[in-house]
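> need a 3D model of the sequence below.
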Amino acid sequence: MKPACLAAVLSFAALSASAAIAAGAAETRPVSFSHNDWELACDNTRTCRAAGYQQDGEPVSMRITRKAGPNTAVEIELQTGGEEEPKGPLRVKVGKATVSGLEGGSPSLDASQVRAVLPELLKSDDATLTAGGGKKWVLSLSGLNAVLLKMDEAQGRVDTPGALVRRGSKPESAVLAALPMPVFHALKPVKSRPGDDALAARIFPSLKLSEADGPCNNTDAVQAKSLQVHRLTDSKVLLSLECSVGAYNSTSQLWIANDKPPYSPSALEANGDFDDKDASVSSVMKVRGIGDCVSTETWHFDGRGFVRTGATVDSLCRDFPGGAWNLPRHVSRVVTAP
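Numbers count the residues shown, from 1 in each chain. Here you go, the predicted model:
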C-alpha cells in the first residue's frame with residue numbers, strides 16, 4: 001500500500017475509533033428520572049435501580065433492581081422506617097398477590113415472590129405492608145410505570161419479551177449488554193514535606209476563585225490562612241479552601257498547583273474533603289437536615305488529576321434518615337497503588 005493511502009486509512013481508522021468511543025460514552029451516560037413517588041438511577045454499567053415511597057404516613061420504600069443484558073432477573077427489596085422496628089414478620093399485599101413471612105425491616109423477595117408481585121405492582125395504586133400489633137405501611141405506586149418504562153428504555157428492552165412495561169416481539173438479543181465496571185488505578189500521595197504549609201501564603205494570590213466549582217459565599221474564609229495544602233507528588237500539591245457554606249452542607253473548593261513558581265493553580269471539578277489514605281475527594285450533599293435525600297460524589301487521584309469514580313443520587317425526601325437506599329449513578333473498582 002502506498003504511504004499516502006496508508007495514511008488515509010490510518011486517519012479514517014482513528015476517526016472511526018474516536019466516533020465509537022464518543023458513541024459508547026453517550027450510551028453509558030448515567031440515567032436519572034423521577035415521577036410522582038418513584039425515582040430511577042441507572043449507572044455506567046447499565047444496572048438500573050428504581051425506588052418508591054409512601055405519599056404520607058409511616059415511611060416505607062421498595063427498591064427494584066435489574067442488571068443489564070438479556071433475560072436478567074428482577075430483584076425487589078422492601079424497607080420500613082419509623083421509630084419502631086416491625087414486630088414479627090411482614091405481610092405484603094398488592095392487587096391479587098399476597099406475600100407473607102418476610103422477616104426484618106428490610107426483607108428481599110425471592111424469585112417466586114417477585115413473579116407473583118411484579119405484575120400486580122404495575123396495575124395497582126398502592127401496596128400495603130402489615131406487621132404484628134396492627135402496624136401498617138402504604139407504599140404508593142404512583143409513578144412506578146413511568147419509571148420502569150424509563151428503565152426499559154435505558155436497557156434497550158422496549159418491545160422485547162423481557163420488558164417490564166411495554167412488551168413486544170423483538171428478540172432478547174436486541175437488549176443492551178451489561179458493561180464491565182471500570183477499574184481505576186489511584187495513585188497514593190507522597191508524604192508531606194517540611195515547608196508545605198508555607199505554600200498556602202505563596203500560592204493564595206494566584207488562585208482564581210471565579211474558576212472554582214461553585215461560589216465561595218463565606219467571605220471570611222477566603223484568605224491564605226484558611227487554605228490547606230496536601231502533598232500529591234514530588235512536584236504537585238492539592239489546595240483546599242472551605243468557603244462554601246449552606247444550611248446543611250459545606251464545600252471545599254480545590255486546586256492542583258506546582259510546588260515551585262510558577263505555581264499555576266488549576267481549579268478542579270471535584271470538591272469536598274480530601275483523604276490522603278486512598279487519594280480520594282468525597283462530597284456529601286443533603287437536601288434536608290435529617291439527610292433523607294442525599295447525593296454523593298467521589299473522585300480519586302490518578303497522578304495527573306482527579307477522576308470521578310463514584311456518584312449516588314437520592315432525590316425524594318421521604319423521612320428515612322440517611323436515605324433509604326443507595327442509588328448509584330457511577331460505579332468503579334478503585335485499586336490504590338503506592
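> could you pull out the helices in the chain for me?
Remark: helices assigned in the chain by DSSP state H are 3-27, 111-121, 144-154, 199-203.
> for W38, give me its contacts.
Contact partners of W38, counting by Cβ atoms under 8 Å, 6 or more residues apart in numbering, are 50-53, 141-144, 146-147. The C-beta positions use only the backbone N, C-alpha and C, and glycine is treated the same way.
> circling back: what's the least confident stretch among the helices of the chain?
Sorting the helices of the chain by mean pLDDT places helix 3-27 lowest, at a mean of 34.
> quick check: domain ranges of the chain?
For the chain, automatic domain parsing gives the domain ranges 31-174, 183-337.
> how far does the longest one sit from the chain's center?
Same thing as domain 183-337. From the chain centre to the centre of domain 183-337 is a distance of 17 Å (Cα atoms, centre = their mean, to the nearest Å).
> can you give me the end-to-end distance of stretch 330-338?
25 Å (Cα to Cα, to the nearest Å).
> what's in contact with stretch 97-107?
By Cβ under 8 Å, 6+ apart, the list of residues contacting stretch 97-107 reads 77-80, 85-86, 89-93, 109, 113, 116-117, 119-120.
> I meant to write stretch 300-313 there.
Taking Cβ under 8 Å, 6+ apart as the rule, stretch 300-313 contacts 30, 32, 39, 41, 184-187, 189, 232-233, 238, 254, 256, 268-270, 278-281, 294-299, 326-332, 334, 336.
> rounded mean pLDDT for it, please.
95.
> just stretch 57-71 next, same as before
96.
> mean pLDDT lowest for which of the domains of the chain?
For the domains of the chain, where the average pLDDT is lowest is domain 183-337, sitting at a mean of 89.
> span of it from start to end?
End-to-end for domain 183-337, by Cα to Cα: 12 Å.
> with stretch 259-273 instead?
Start-to-end, stretch 259-273 (Cα to Cα) is 21 Å.
> contacts for that stretch next, please.
With Cβ under 8 Å, 6+ apart, stretch 259-273 has contacts from 196, 199, 202-203, 206-208, 211-214, 231, 235-237, 239, 244, 251-258, 281-284, 297, 299, 305-306, 308.
> next step: those restricted to strands.
Using DSSP state E, 231, 236-237, 239, 244, 251-258, 281-284, 297, 299, 306, 308 are the members of the contacts of stretch 259-273 that sit in strands.
> in ChimeraX, select just the buried ones from the residues you listed.
Here is the ChimeraX command that picks out the buried ones among the ones in strands among the contacts of stretch 259-273, judged by 16 or more other Cβ atoms under 10 Å:
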select :231,236,237,239,244,251,252,253,254,255,256,257,258,281,282,283,284,297,299,306,308
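> contacts only, for the residue nearest to C293 when sequence neighbours are not counted.
What sits nearest to C293 in space, not counting adjacent residues and going by Cβ to Cβ, 6 or more residues apart in numbering, is C317, at 4.1 Å. Applying Cβ under 8 Å, 6+ apart, one finds that C317 lies in contact with 287-288, 292-293.
> distance check, the residue nearest to Q54 when sequence neighbours are not counted against P265.
With Cβ to Cβ, 6+ apart as the criterion, Q54 has its nearest non-adjacent residue at 5.1 Å, and that residue is V60. Distance, V60 to P265, by Cβ to Cβ, to the nearest Å: 49 Å.
> those two: which has the busier surroundings?
V60 (27 against 19; other Cβ atoms under 10 Å).
> report the beta-bridge partner residues of that one.
T80 (DSSP bridges).
> now find how far off-centre stretch 75-93 is within its chain.
For stretch 75-93, the distance to the chain centre is 25 Å (Cα atoms, centre = their mean).
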